[in-house]
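Novice: 3D, please:
(one chain, ligands or ions: 1)
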Amino acid sequence: MATLVTGGAGYIGSHTVAALHDAGRDVVILDDFSNAARRAVDAIRSLTRPDLPLVEGDGGDPATLEAVFGGHRIESVVHFAARKSVAESVADPLGYYRSNLGSVVALAAAAIDRGVPRLVFSSSATVYGSASALPVTEDSPTVPENPYGETKLMGERILADAAAASEMSVILLRYFNPVGAHPSGLIGEDPSGEPANLVPRIMQVATGRSDRLEVFGADYSSVDGTAVRDYVHVMDLAEGHVAALDAGIAPARSRTYNLGTGSGTTVLQVLAAAAEVIGSPIPYEMAERRPGDVEASWADCTRAREELGWQARRDLTQMLADHWNFVRRHPDGYRH
Ligand code: UD1
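Specialist: Sure, this is the predicted structure:
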């Protein structure tokens, strides 16, 4: 019996495959490589097993789902595969709704048809929008501010409704800001195109691809005026999925969990920690606030600790050291 990981060649997906393997689970990867590298699968196989099964295709496609569920004995599903660029979702909302929600509906239907008892969904703290009260709990208001965030919230609702009308249980995991890489340096984040996220941007400066980082906003009300986020190690997130698959949630129920560290860090604090880890300063300049950015966001992770027995264990230095280790070994991402 295996766990199906859709988007298993992607950033969080690949680390989750490694963590599931370490926890003794068999895994089948489903990926269409629209935003992931085939070489990521080679790297995952070298970390896990050389014959780790891969089905190539889209989770929204019935023939692909038939190949997965017909060809493998699937006991649980972890669904990552989705488009994830905020800017792209604003430019192409229908493409995002079709792709991200079409795959949720098709996959949930296939899983329920086959009597799969558990599905874990990759959601995001982006569903909270500009949270009014911090830390953010699972009961904080959800007000997504772009189509990408809407697809995550709608995906959650679709799955909760589907669970309620079936014997399947669903766990919705809302990630804060993932950073880091597997300690081996064999798998990590390989953004396609120009990265937009903070740590990949810092790495571009560290490798000389950019001369400086723009710090978006110096007039927020934090200790140093820069925005605050809850950065969490991707291996901690990966282990959160293992805990979610093991959680005692009854059939037909769904439950939401924040996955973060529970503490906030400013952009300048991340920069200082990165300079320390990399061993050289990261040139930067202050810039305007980035449209759509929230001032501060960090998680209350009490529920995950109490109910899943999960807690982030790795600190910011570890996140940056592991991220840097992957980037140093793969300056051109998986192409190298
Ligand atoms: C962003 C997305 C969010 C998505 C998440 C995935 C937006 C508005 N939000 O979150 O939906 O789930 O990525 O990881 O795009 N920063 C700089 N300079 C840079 C890049 C970032 O100062 O070159 C700052 C940002 O202003 C922000 C912080 O660093 O304050 C973190 O930014 P980022 O890594 O892009 O994550 P989020 O904006 O939190």
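Novice: tell me the contacts of the residue nearest to residue 267 when sequence neighbours are not counted?
Specialist: Spatial nearest neighbour of residue 267, excluding adjacent residues (CB to CB, 6 or more residues apart in numbering): residue 226 at 3.9 Å. Every C-beta, even on glycine, is put in place using the N, C-alpha and C of the backbone. Taking CB atoms under 8 Å, 6 or more residues apart in numbering as the criterion, residue 226 is in contact with 215, 217, 218, 220, 266, 267, 268.
Novice: check contacts around residue 61.
Specialist: By CB under 8 Å, 6+ apart, the contact set of residue 61 is residue 106.
Novice: for it, report the pLDDT, please.
Specialist: At residue 61, the model reports a pLDDT of 93.
Novice: hmm, back to that, neighbour count and secondary structure added to the contacts of residue 226, as JSON lines?
Specialist: Formatted as JSON lines, the contacts of residue 226 follow (neighbours: other CB atoms under 10 Å; DSSP: H, G, I helix; E, B strand; the rest coil):
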{"residue": "215", "neighbour count": "21", "secondary structure": "strand"}
{"residue": "217", "neighbour count": "18", "secondary structure": "coil"}
{"residue": "218", "neighbour count": "17", "secondary structure": "coil"}
{"residue": "220", "neighbour count": "19", "secondary structure": "coil"}
{"residue": "266", "neighbour count": "19", "secondary structure": "strand"}
{"residue": "267", "neighbour count": "24", "secondary structure": "helix"}
{"residue": "268", "neighbour count": "18", "secondary structure": "helix"}
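Novice: those: which ones sit near the ligand?
Specialist: Of the residues in those, proximity to the ligand by CB under 6 Å from any ligand atom holds for 215, 267.
Novice: let's have the contacts of residue 226 in TSV, adding pLDDT.
Specialist: Output for the contacts of residue 226, formatted as TSV (pLDDT from 0 to 100):
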residue	pLDDT
215	98
217	97
218	96
220	96
266	98
267	98
268	98
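Novice: what about the residue nearest to residue 253 when sequence neighbours are not counted, distance to the ligand?
Specialist: Spatial nearest neighbour of residue 253, excluding adjacent residues (CB to CB, 6+ apart): residue 169 at 5.3 Å. The gap separating residue 169 from the ligand is 25 Å, by CB to the nearest ligand atom, to the nearest Å.
Novice: next: residue 231.
Specialist: Counting by CB to the nearest ligand atom, the gap from residue 231 to the ligand is 8 Å.
Novice: let me see the contact set for that residue.
Specialist: Applying CB under 8 Å, 6+ apart, we find residue 231 in contact with 176, 177, 178, 179, 199, 261, 265, 270, 316, 319.
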